[in-house]
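Asks: Predicted model follows, preceded by the sequence.
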Amino acid sequence: MKLPQINEVVVNSKIKELSILHLSDLHINKKTSTNSINQLVKLCNRSEADFIVITGDIIDCKVKFIKERLELLNKIEKKTYYISGNHDLFYGFKELKNILTNLICLDNNYEILQIKDKTIAIGGLSDRFSKFFRVKREEDKIVKILSKYENSIFLAHQPKDYIYALKSNSKLFLCGHTHGGQIYPFHYVVKLFQPFLNGLIYKKDTAIYVSKGIGNWGIDFRFKANNEISLLKLR
């Protein structure tokens, strides 16, 4: 896992003066070095973010093979929220949650934050693959809850779940999954299945950010889709 420099992104939002460090698609596996995870933790702790979100696919092999490396993520000192990705579900999301004791899982759940005199609701959905693992996605529940708040943030793994962010009038929707295509011209294949490839998009009152992620899937290579860690500055 090669770490990029933090990419600062200014987001026009009705939620003002808020900074979020957005990570996605770590794809930690047996080849991921302890040093790279330690460096990621240091980067998180040094960042100026008010809090951190991880939008799925933390793991890319069974938890038992990488338990000690995953435990290092508990050294992240800033409040950190995460939701499941399809790879997490496949390799063992229950086991992952049992290890990430210092991070907050928002699968089909929410939390209310008080930051700089603002009340912010942040909620998330389990990945769309949940149904194959007998996990119920509670879209209506999260939409209903977030709709009650003027300032809300919606997390999901796949870009196509932005429809629920719009239904809940969330001011920010964060996701990953696409890797930005990872290897050109695979970008065009991704676009057949997802409404957005990467970057910042605005729909109605909702700002959408699709992360290209940190890790890789399949082969450890990218072309015209650099990996990223983004510091989103809501202004």
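Replies: Nice, thanks for sending it over.
Asks: quick one: buried residues of whatever helix or strand Thr119 lives in?
Replies: According to DSSP states H and E, Thr119 maps onto strand 118-124. Within strand 118-124, the residues scored as buried using 16 or more other Cβ atoms under 10 Å are 120-124. (Each C-beta comes from the backbone N, C-alpha and C, glycine too.)
Asks: Name the nearest of those relative to Tyr91.
Replies: Gly124 (19.1 Å; Cβ to Cβ).
Asks: centroid residue for this structure?
Replies: Closest to where the C-alpha atoms of the chain average out (Cα atoms, centre = their mean) is Thr55, at 1.5 Å.
Asks: Just send the buried residues of strand 118-124 back as a markdown table, with pLDDT and distance to Gly215 too.
Replies: Shown next, in a markdown table, are those (pLDDT from 0 to 100; distance: Cβ to Cβ, whole Å):
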| residue | pLDDT | distance to Gly215 |
| --- | --- | --- |
| Ile120 | 98 | 28 |
| Ala121 | 98 | 29 |
| Ile122 | 98 | 24 |
| Gly123 | 98 | 25 |
| Gly124 | 98 | 20 |
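Asks: quick one, what contacts Arg235?
Replies: Contacts for Arg235 (Cβ atoms under 8 Å, 6 or more residues apart in numbering) come out as 10-13, 16-17.
Asks: which other residues reach the lowest-mean-pLDDT helix or strand in the chain?
Replies: When the helices and strands of the chain are scored by mean pLDDT, DSSP states H and E, helix 187-193 comes last with a mean of 88. With Cβ under 8 Å, 6+ apart as the test, helix 187-193 has contacts from 160, 178-181, 197, 224-225.
Asks: Which SSE is immediately downstream of the strand holding Thr119?
Replies: Defined by DSSP H and E, the subsequent element after strand 118-124 is helix 139-146.
Asks: Using PDB, write down the CA coordinates of that next one.
Replies: The C-alpha coordinates for helix 139-146 follow below in PDB (Å, rounded to 0.1, in the frame of the first residue of the first chain):
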ATOM      1  CA  GLU A 139     -32.100   2.600   3.600                       C
ATOM      2  CA  ASP A 140     -35.500   3.900   4.700                       C
ATOM      3  CA  LYS A 141     -34.300   4.200   8.300                       C
ATOM      4  CA  ILE A 142     -31.200   6.200   7.500                       C
ATOM      5  CA  VAL A 143     -33.000   8.400   5.000                       C
ATOM      6  CA  LYS A 144     -35.700   9.200   7.600                       C
ATOM      7  CA  ILE A 145     -33.200  10.000  10.400                       C
ATOM      8  CA  LEU A 146     -30.900  12.200   8.300                       C
END
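Asks: now what about the helix or strand following that helix, what contacts it?
Replies: Next helix or strand after helix 139-146 toward the C-terminus (DSSP H and E): strand 152-155. With contact meaning Cβ under 8 Å, 6+ apart, strand 152-155 is reached by 15, 20, 53, 55, 81, 83, 106, 120-125, 142, 146, 161, 164-165, 168-175.
Asks: circling back: quick check: of the contacts of helix 187-193, which has the highest neighbour count?
Replies: Of all the contacts of helix 187-193, His179 has the most neighbours under the rule other Cβ atoms under 10 Å, reaching 28 neighbours.
Asks: secondary structure element for the residue lying closest to it once chain neighbours are set aside?
Replies: Nearest residue to His179, sequence neighbours excluded (Cβ to Cβ, 6 or more residues apart in numbering): Gly213, at 5.2 Å. Per DSSP H and E: Gly213 is located in neither a helix nor a strand.
Asks: how about Gly213, what does it touch?
Replies: Neighbours of Gly213 in contact, by Cβ under 8 Å, 6+ apart: 24-27, 57, 176-180, 227-228.
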